[in-house]
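Peer 1: predicted structure and sequence below. I'll ask about it afterward.
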Amino acid sequence: MFLYQLLNFFFAASKKEEEEEEDSKNDLSLFKRGDLLEVPRTLFTHFGIYLGDNRVAHLIPDILPVMTGDRNAIAKMVTNNRLLLGVITKTASVRVDSVADFAYGSEIVINHMDKVCSQPPLDGDEVARRAEKLLGSVTYSLLWYNCEHYVMYCRYGMAISYQTYQFCTTVRKIVCSRMSAYLSTLCGVGTMLYLGCVTPLTLLPTLLISFTIWMAA
């Protein structure tokens, strides 16, 4: 209980710093039921599906449901601190918020993924029905099931994430590089020399790892 009160104070304080005035630049008349909406938020782009009547369904990480069963508190706009702690604990939900709460002070981009995805979008009503059917608690995964996977499934019928793909590609380039092969060899040999245990059984795994990275680069 004390931890919840402490976190609640922390969220309230951060909300004053993070919240901006309600953004009038997002004109509701521009949105249609089934539209895919996206906004920049913290370190990534956040996605949602417009349901109509100023309602957006979106998958968002949130630590608060773990701390309390107070539905009124949980229903309030998810601040960045709540979101980031939810990512760490892998707790999230597909929920419905107003356009203003979803936008979090940013300008919304509409259906940008239509230009990126090779699959044509489904009918708007079907998209919205899929989004509504999945409402509720979910297990969150930054790589395997995030807000982009959710909206891509709803609008195009395939749960993919271009953000995840780009991230994994970047990591692969860093890890599977010739420099990484050199460094892994030096670190492995240096550790063995420092510990005084240079034997075929310890040297072979070091060389095998370095060789695998070299071949993958």
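Peer 2: Cool, the structure landed.
Peer 1: residues in contact with residue 116?
Peer 2: residue 162 (Cβ atoms under 8 Å, 6 or more residues apart in numbering). The C-beta positions use only the backbone N, C-alpha and C, and glycine is treated the same way.
Peer 1: mind doing that once more with 10 Å?
Peer 2: Counting by Cβ atoms under 10 Å, 6 or more residues apart in numbering, residue 116 touches 152, 162.
Peer 1: what's the answer for residue 117, then?
Peer 2: Taking Cβ under 10 Å, 6+ apart as the contact definition, residue 117 lies against 36, 152, 155, 156, 158, 160, 162.
Peer 1: that one: which element?
Peer 2: Under the assignment given by DSSP states H and E, residue 117 is not contained in any helix or strand.
Peer 1: I figured residue 101 hits residue 41, correct?
Peer 2: No: the criterion here is Cβ atoms under 10 Å, and residue 101 misses it with residue 41 at 11.7 Å.
Peer 1: list residues touching both of those two?
Peer 2: Common neighbours of residue 101 and residue 41 (Cβ under 10 Å, 6+ apart) are residue 78.
Peer 1: can you list the domain ranges for the chain.
Peer 2: Domains of the chain are assigned by automatic domain parsing as 2-168, 176-216.
Peer 1: pick out the shakiest of those, pLDDT-wise.
Peer 2: With a mean of 60, domain 176-216 has the lowest mean pLDDT of the domains of the chain.
Peer 1: tell me how far residue 117 lies from residue 162.
Peer 2: Applying Cβ to Cβ, to the nearest Å, the value for residue 117 to residue 162 is 9 Å.
Peer 1: any common contacting residues for these two?
Peer 2: Counting by Cβ under 10 Å, 6+ apart, the contacts common to residue 117 and residue 162 are residue 152.
Peer 1: residue 87: how many residues sit nearby?
Peer 2: Per other Cβ atoms under 10 Å, the neighbour tally for residue 87 reads 20.
Peer 1: name the SS class of it, please.
Peer 2: Look at residue 87: counting by DSSP: H, G, I helix; E, B strand; the rest coil, its state is helix.
Peer 1: next, the buried residues of the lengthiest strand in the chain.
Peer 2: In the chain, assigned by DSSP state E, the strand with the most residues is strand 44-52. For strand 44-52, burial by neighbour count (16 or more other Cβ atoms under 10 Å) applies to 44, 45, 46, 47, 48, 49, 50, 51.
Peer 1: buried subset of the contacts of residue 117 as a ChimeraX selection?
Peer 2: To isolate the buried members of these in ChimeraX, using 16+ other Cβ under 10 Å:
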select :36,152,155,156
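Peer 1: rewinding a little: pairing partners for the longest strand of the chain, with directions?
Peer 2: strand 36-41 (antiparallel), strand 55-61 (antiparallel) (DSSP bridges).
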